[in-house]
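S.K.: Mind folding the following:
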Amino acid sequence: MGGFSILSLIYVVLGVRVVWQIVQNWSAVWDRNFTQQDRMLVNQASFFFLIPLSVILHELGHAVMVWSFGKEVLDYGFYGFAGYVSYSPYGLSDVQQTLIAAAGTAVNLILCLLALAVVLLWKPPLRAAINELLIGFIFISGANAFIVYPLLDMVSNMNGDWRQMYDSGVPWLTAIIVAIQIAVLVGGYWLFTNEGMKARFAKLTDVPPGFERGIFGGIQPAKIKTMNMDPNEIHMRDAVNRVSAGWHTRVESQIQRFTGGSAMLMQWTTNRDLHVMALRSLPNDVFDIVEIPTNQQGAQEGRPRTLQRWNRKPGIEELTMALRVAMERVDTGN
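M.R.: Modelled structure (predicted):
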């Protein structure tokens, strides 16, 4: 377990740092103004604080099941992100040993369901920071218990819970466990990919307009499907697609919405230089093209520079030509 000890030490050091940052910013993190900085700290807290707590309860689940069968816990260990409970299997049936192995994962499932119930059913809804913390825990704890741990167990020599559950010697019990695992995976996939649930989670965690929650936490620009685009967005998309088709390098584009309008972001690389431009639709049919100064990591640096502006909706040919001219100016630094 030497490797686990080293990883545990690193995990604890990082965890203490995160907890200290949250303590220093306690009022700001948990108030009703949930900023991106707050969200980042809360996402880290779900990994470095709630996960160790769930590991403790996971191992306690094993221990309680061992005691319920009249056996004694011989040894235990806790590594922050992992742990173990050992006992003598002498005198225990295959069913009992499999139930002991499954008890820890059952605790994880119960904790995830309780957290989900709190997020979705609590009236009035809890503050965005608390909901973000619980949603992050649901994803990380569920993925760890039902995906990561089973895979590690099967490809390594850990001889842990899932190897016992998959190879229990009791086919009907293994079938039930596998069925539950599949149901959890399908349910979890639906929970984090269904558009309705994503919108509900976004509302409960104060995701700003034009953005969506990332599957690992944080926020990212929302992807807008064609069926949900308004006429101006379709107009911009068509113009961008036309000019991109004849450009000398690949152009990535994406629609983003903001209060009062929307923008088609365009970015491409020339000689390792990243260029970002936006075609924007503003109130009262005002359109413009702006250059967005960015560094090589894609972070904005400075205010956008207006390259073209219309006080009316330009036709598709005019818009395509203006985009081409603007891209050439940005590409050459003019």
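S.K.: So which helix or strand of this protein has the lowest pLDDT on average?
M.R.: Ranked by mean pLDDT, DSSP states H and E, the weakest helix or strand in the chain is strand 219-221, scoring a mean of 69.
S.K.: tell me which strands and helices whichever strand or helix holds residue 141 is in contact with?
M.R.: Assigned by DSSP states H and E, residue 141 falls within helix 128-143. Applying 3 or more Cβ pairs under 8 Å, 6 or more residues apart in numbering; DSSP states H and E, one finds that helix 128-143 contacts helix 26-30, helix 36-45, helix 51-68, helix 94-121, helix 171-193, helix 195-204. In short, each C-beta sits where N, CA and C put it, glycine included.
S.K.: Need the contact partners of the third one.
M.R.: If I follow you right, that is helix 51-68. The contact list for helix 51-68 (Cβ atoms under 8 Å, 6 or more residues apart in numbering) reads 15, 72-73, 76, 78-85, 87, 99-101, 103-108, 111, 137, 140-141, 144-145, 161.
S.K.: The fifth one now?
M.R.: By Cβ under 8 Å, 6+ apart, the list of residues contacting helix 171-193 from outside reads 95, 98, 102, 109, 116, 138-139, 142-143, 146-147, 150, 165-168, 197-198, 215.
S.K.: 10 Å instead, please
M.R.: 94-95, 98-99, 101-102, 105-106, 108-109, 112-113, 116, 135, 138-139, 142-143, 145-147, 150, 162, 164-168, 170, 197-198, 201, 213, 215 (Cβ atoms under 10 Å, 6 or more residues apart in numbering).
S.K.: How far away from the center of its chain is that helix?
M.R.: Between the centre of helix 171-193 and the centre of its chain there are 21 Å (Cα atoms, centre = their mean, to the nearest Å).
S.K.: What residues of that helix count as buried?
M.R.: 173-174, 177, 180-181, 184, 188, 191-192 (16 or more other Cβ atoms under 10 Å).
S.K.: now those residues as a markdown table including pLDDT?
M.R.: Output for those, formatted as a markdown table (pLDDT from 0 to 100):
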| residue | pLDDT |
| --- | --- |
| 173 | 94 |
| 174 | 94 |
| 177 | 95 |
| 180 | 96 |
| 181 | 96 |
| 184 | 96 |
| 188 | 94 |
| 191 | 92 |
| 192 | 89 |
